[in-house]
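[1] Fold the following and give me the result.
(3 chains)
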Amino acid sequence: MLHDLFPPGIQHVLDLAGIFVFATAGALLAVRKNFDVFGIAVLALVTALGGGLFRDLVIGAVPPAAFGELSFFVTPLVAAAIVFFLHPEVQRINRAINVFDAAGLGLFSVSGTIKAYEYGLGLTASAALGVATAVGGGVLRDVLANEVPSLLRDREMYAVPALVGATMVALCIAFEVLNPVTSGVAVVTTFLLRLGAMRLHWKAPLAWNRRSSVQEDAPDRRP
Amino acid sequence: MLHDLFPPGIQHVLDLAGIFVFATAGALLAVRKNFDVFGIAVLALVTALGGGLFRDLVIGAVPPAAFGELSFFVTPLVAAAIVFFLHPEVQRINRAINVFDAAGLGLFSVSGTIKAYEYGLGLTASAALGVATAVGGGVLRDVLANEVPSLLRDREMYAVPALVGATMVALCIAFEVLNPVTSGVAVVTTFLLRLGAMRLHWKAPLAWNRRSSVQEDAPDRRP
Amino acid sequence: MLHDLFPPGIQHVLDLAGIFVFATAGALLAVRKNFDVFGIAVLALVTALGGGLFRDLVIGAVPPAAFGELSFFVTPLVAAAIVFFLHPEVQRINRAINVFDAAGLGLFSVSGTIKAYEYGLGLTASAALGVATAVGGGVLRDVLANEVPSLLRDREMYAVPALVGATMVALCIAFEVLNPVTSGVAVVTTFLLRLGAMRLHWKAPLAWNRRSSVQEDAPDRRP
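    Next comes the predicted model:
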């Protein structure tokens, strides 16, 4: 079966790792915004579990994994507690967090696509939902923090690696070659693409004729 | 059956037209906010599909039409691509877009009410969900763009035509006279009411004794 | 059965009371933000029904109570109408509203936990969803009003009483002593804790080393 891609134990550890790093990113934003301890916990939970929660509601997998699996719920709280006490140290290893976040992006887009397909969605819809699983938590985090989601504005190409990974999985399913090796390749490709985009400062384009005049056209752009 | 109101082919074309114009409005807001290409695509998708997605989650129609019907997913992306390249031209035909948006409002409030009733909701709840189908995408769009939803503040009476159309459908169901003609009348009434509200600049009231002192009382009102 | 905790009539009256006070709080925020009559109605509905709607979607109880029970839908509209006409008077009894809000917090966290458990969630997940039922509507209200949710930032300990009430219910279920008396005790404990937190100005902590430097570190804190 599809969900036996990885041995269950390994799959679970990978899921928890992705949840942990996403939660850390959420908790750090909460500290930066001067939220209180509940804000830190809520932003950690929402960032880590929001994407998967949306996916599970769409495919009708209730109760969602976020509420069915205790370790999925406790892990973000552990991340929040660590950030609460050690946030200067955590921020200092920001580069390491970005690497883990890239790994989470790869894992969530691939596993999200597979789970959506298992629940009967078409290939395109499965890939779209895989991308939503990977980026949805971050969008919810930014909405709760009352910021424009960085996905929509930061020109960071954050969605592109997730899109590539999800598409690779969909193609593997279409050609019936999905297995632990090919899905692992999709995860690693997503991961490396994200690292490359950060390293090389790839920029997503703005709308066509706005490219040369970003500063002037953006009075509502916050500093 | 209720969903045979219009011949299936015509119903589908009408749905796609409504999705297209709502997506165009979302993409234009993204351009105005200087979002990148992903922001344009996401806002087009959310504006066009958000209302129906909410309705389908509430009535338990999973996977929602937004993920089950490929053309519903591709149409907003086409609208986003057109806006990406041609947004000055698209903005110039803003008046035409408003007309199409009014048509979308009529189609979505009527079809949303009917679908909710088919899934077993009561008449009042069906009408409420029909209104939510019609206006929900725009609210989600504004939340993602980090603006107060124009529905809540702009005094444009945007919800009134949708409310009238949805109520007409509920009454037709109650009196067992729902058919292609009566539901068509509800769509057209909604459409014309919306155009009239724009033309005549109807204003929704503020809370009772705030009416004469809007400017002074509104320090947080953005320009 | 669990949901026979209170006689059905009393349970229903308590639910409506909680919905009414939450709706009043939402409508008052809408007036303060100078929203129009639709903004007042929408914020009343979302504040009162949003938490329960989220809970019902997560546990798969479709259609959610918010759309299945007509009185749940009408009550927030009545509250919105009262606030629309009488908001200066309503604001003058702000202290009374806070007392009712505390009661709503107790009722929603306890009844939310019980309903989640009845639908098969584990004890921890049920308690978490009970808390989400109690505080979710307020978070949605603030997101729609384009404010940082006060839950995340105001250091008011608003979540703590809900957390205590939900945990008491979960423990009662675990030890098989849940009955009208014990769940009533949980409601009252939540209620009194919330009143005590307000009276004594309990403050939730900020992240560890930010405690002594809140003002300097918070350039993005709105007045």
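
[2] can you list the residues of chain A near chain C?
    A:30-31, A:33-40, A:42-43, A:53, A:57, A:60, A:62-64, A:67-68, A:70, A:73, A:83-88, A:143-146 (Cβ under 8 Å from any Cβ of the partner chain). Where C-beta positions appear, they are placed from N, C-alpha and C, glycine not excepted.

[3] In ChimeraX, how would I select just the buried ones from those?
    Those of those that count as buried under 16 or more other Cβ atoms under 10 Å in any protein chain shown are selected in ChimeraX with:
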select /A:30,31,33,34,35,36,37,38,39,40,42,43,53,57,60,62,63,64,67,68,73,83,84,87,143,144,145,146
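
[4] Can you pull the poorly scored residue ranges out of chain A?
    Residue ranges of chain A with pLDDT under 70: A:1-7, A:210-223.

[5] Next up, phi/psi of the residue positioned nearest the centre of chain A, please.
    Nearest to the mean C-alpha position of chain A, counting by Cα atoms, centre = their mean, stands residue A:134 at 3.3 Å. Dihedral angles of residue A:134 (phi, psi; degrees, to the nearest 10) stand at phi -80, psi -40.

[6] now the one 3 residues further on
    Here is the backbone geometry of residue A:137 (degrees, to the nearest 10): phi -60, psi -40.

[7] Hmm, residue A:19 and it touching each other?
    No. Taking contacts as Cβ atoms under 8 Å, residue A:137 lies outside contact range of residue A:19: 9.2 Å.

[8] list residues touching both of the two?
    With contacts taken as Cβ atoms under 8 Å, 6 or more residues apart in numbering or on different chains, residue A:137 and residue A:19 have A:48, A:49 as neighbours in common.

[9] Show me the residues of chain A next to chain C that map onto strands.
    Using DSSP state E, no member of the residues of chain A next to chain C falls in strands.

[10] Let me know the helix or strand that the nearest residue to residue A:67 once chain neighbours are set aside is in.
    Spatial nearest neighbour of residue A:67, excluding adjacent residues (Cβ to Cβ, 6 or more residues apart in numbering or on different chains): residue C:125 at 4.3 Å. Element membership of residue C:125, judged by DSSP states H and E, is helix C:123-144.

[11] Okay, buried residues for that helix please.
    Across helix C:123-144, burial judged by 16+ other Cβ under 10 Å covers C:123, C:125-144.

[12] now the next helix or strand after it, how far from the centre of its chain.
    The helix or strand immediately downstream of helix C:123-144 is helix C:150-153, counting by DSSP H and E. Helix C:150-153 sits 13 Å away from the centroid of its parent chain (Cα atoms, centre = their mean, to the nearest Å).

[13] how about helix C:150-153, does it reach chain B?
    No. Residues of helix C:150-153 are not located near chain B by Cβ under 8 Å from any Cβ, the shortest gap being 15.0 Å.

[14] what residues are up against the nearest residue to residue A:108 once chain neighbours are set aside?
    Closest residue to residue A:108 apart from its sequence neighbours, by Cβ to Cβ, 6+ apart: residue A:134 at 4.0 Å. Listed by Cβ under 8 Å, 6+ apart, the contact partners of residue A:134 are A:51, A:104, A:105, A:108, A:109, A:112, A:162, A:165, A:166.

[15] Just the buried ones from these?
    A:51, A:104, A:105, A:108, A:109, A:112, A:162, A:165, A:166.

[16] mind checking how far the first one is from residue A:146?
    Just to be clear, that refers to residue A:51. Residue A:51 sits 20 Å away from residue A:146, taking Cβ to Cβ, to the nearest Å as the criterion.

[17] Could you list the contact residues of chain A toward chain B?
    A:57-60, A:119-122, A:124-125, A:128-129, A:139, A:143, A:146-149, A:151-155, A:157-159, A:203-210, A:214, A:217-218, A:220-221.

[18] Just the buried ones from these?
    Among those, those classed as buried by 16+ other Cβ under 10 Å are A:57-60, A:119, A:121-122, A:125, A:128-129, A:139, A:143, A:146-149, A:151-155, A:157-159, A:204, A:206-207, A:210, A:217.

[19] Could I get the full set of helices for chain A?
    Taking DSSP state H as the criterion, chain A contains helices spanning A:8-32, A:37-59, A:65-68, A:70-92, A:94-118, A:123-144, A:150-153, A:159-174, A:180-200, A:214-217.

[20] Same list (the ones you listed) but as TSV, adding distance to residue B:13.
    Below are the helices of chain A laid out as TSV (distance: least, Cβ to Cβ, whole Å):
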stretch	distance to residue B:13
helix A:8-32	41
helix A:37-59	25
helix A:65-68	38
helix A:70-92	43
helix A:94-118	28
helix A:123-144	21
helix A:150-153	30
helix A:159-174	28
helix A:180-200	37
helix A:214-217	36
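
[21] Tell me, how many residues neighbour residue A:106?
    Residues contacting residue A:106 under the criterion other Cβ atoms under 10 Å in any protein chain shown number 27.

[22] Next, count neighbours for the nearest residue to it once chain neighbours are set aside.
    Spatially, and ignoring its direct neighbours in sequence, residue A:106 is nearest to residue A:190 (3.5 Å; Cβ to Cβ, 6+ apart). The number of residues packed near residue A:190 is 29, by other Cβ under 10 Å.

[23] Just confirm residue A:40 contacts residue C:208, I think it does.
    No. Residue A:40 lies out of contact with residue C:208 (Cβ under 8 Å); the separation is 10.4 Å.

[24] Give me the common contacts of the two.
    When contacts are counted by Cβ under 8 Å, 6+ apart, residue A:40 and residue C:208 have residue A:84 as shared neighbours.

[25] on that earlier part again, quick check: the gap between the residue nearest to residue A:108 and chain C.
    Using Cβ to the nearest Cβ, to the nearest Å, residue A:134 is found at 21 Å from chain C.

[26] So that residue versus residue A:98, what's the distance?
    Distance from residue A:134 to residue A:98, by Cβ to Cβ: 15 Å.

[27] before we move on, what about residue A:86?
    Distance, residue A:86 to residue A:98, using Cβ to Cβ: 18 Å.

[28] what's the answer for residue A:208, then?
    For residue A:208 relative to residue A:98 (Cβ to Cβ), the value is 30 Å.

[29] With residue A:15 instead?
    Following Cβ to Cβ, the distance that separates residue A:15 from residue A:98 is 20 Å.

[30] same deal with residue A:14?
    From residue A:14 over to residue A:98 (counting by Cβ to Cβ), the distance is 18 Å.

[31] quick one, what contacts the nearest residue to residue A:117 once chain neighbours are set aside?
    The spatially closest residue to residue A:117, leaving aside those adjacent along the chain, is residue A:126, at 4.1 Å (Cβ to Cβ, 6+ apart). The neighbours of residue A:126, taking Cβ under 8 Å, 6+ apart as the test, are A:113, A:114, A:116, A:117, A:166, A:169, A:170, A:173.

[32] Of these, which is the most crowded?
    residue A:113 (35 neighbours).

[33] wait, doesn't that residue sit right on residue A:174?
    No. The criterion here is Cβ under 8 Å, and residue A:113 misses it with residue A:174 at 11.8 Å.

[34] Pull the contacting residues for the nearest residue to residue A:40 once chain neighbours are set aside.
    Closest residue to residue A:40 apart from its sequence neighbours, by Cβ to Cβ, 6+ apart: residue A:30 at 4.3 Å. Applying Cβ under 8 Å, 6+ apart, we find residue A:30 in contact with A:39, A:40, A:42, A:43, A:44, A:83, A:145, C:152, C:207.
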